[in-house]
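Starting from these lines, generate the structure:
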Amino acid sequence: MPLVSAQSAREILTSLYPGRKFHHMSAEELLALGLRRLGERLRAEAELHETGFISDGSVLNEWAYAAVRARIGLNPGAGIPQQLVK
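Below you'll find the model as predicted:
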């Protein structure tokens, strides 16, 4: 059975925003990253939907990632001033 393995956030980050670090991303950039991850996963899974596949995750992974970021902040490790600016 085929395995679907979507690109990681770090892999997408380097192509979407070369040289950028997660802790320097704005809300809009994180949203773009999340949507790109979702699109990559949907594309990869759609190619194999008729034959069946084992996935390394699901669209629920992308939703959970976004929900946690929205609840605890874009960069939970950043200082308060940086979190307020973003």
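
Need the per-residue pLDDT for the residue nearest the centre of the chain.
The centroid of the chain falls nearest to Gly34 when counting by C-alpha atoms, centre = their mean (3.8 Å). pLDDT, Gly34: 82.

Tell me the first helix or strand C-terminal of the helix or strand where it lies.
Take DSSP states H and E as the rule and Gly34 turns out to sit in helix 27-47. Sequence order places strand 54-55 as the next helix or strand after helix 27-47, per DSSP H and E.

by contact count, what packs against that following strand?
The criterion is 3 or more C-beta pairs under 8 Å, 6 or more residues apart in numbering; DSSP states H and E, and the helices and strands that strand 54-55 contacts are strand 3-4. (C-beta placed from N, C-alpha, C; glycine too.)

Mean confidence (pLDDT) on the strand it packs on, please.
The average pLDDT for strand 3-4 rounds to 77.

centre of the chain versus it, how much separation?
Taking C-alpha atoms, centre = their mean, to the nearest Å, one finds strand 3-4 lying 17 Å from the centre of the chain it belongs to.

Mind listing the strands that strand pairs with, and their directions?
strand 54-55 (parallel) (DSSP bridges).

Contacts for the strand it pairs with, please.
Residues from elsewhere that reach strand 54-55, judged by C-beta atoms under 8 Å, 6 or more residues apart in numbering: 1-4, 41, 45.

which of those are buried?
Listed as buried from the contacts of strand 54-55 are 4, 41; burial here means 16 or more other C-beta atoms under 10 Å.

hang on, the earlier thing: please list all residues in contact with the residue nearest to the centre of the chain.
Gly34 makes contacts with 62, 65-66, as judged by C-beta under 8 Å, 6+ apart.

Can you pull out the low-pLDDT segments for the chain?
The chain contains residues with pLDDT under 70 at 56-58, 73-86.

try 80 this time
1, 3-9, 22-27, 53-63, 65-86 (pLDDT under 80).

What distance do you get for the residue nearest to Leu48 when sequence neighbours are not counted to Leu60?
The shortest distance from Leu48 to any residue other than its chain neighbours is 5.3 Å, reached at Pro2 (C-beta to C-beta, 6 or more residues apart in numbering). From Pro2 across to Leu60, the span is 20 Å (C-beta to C-beta, to the nearest Å).
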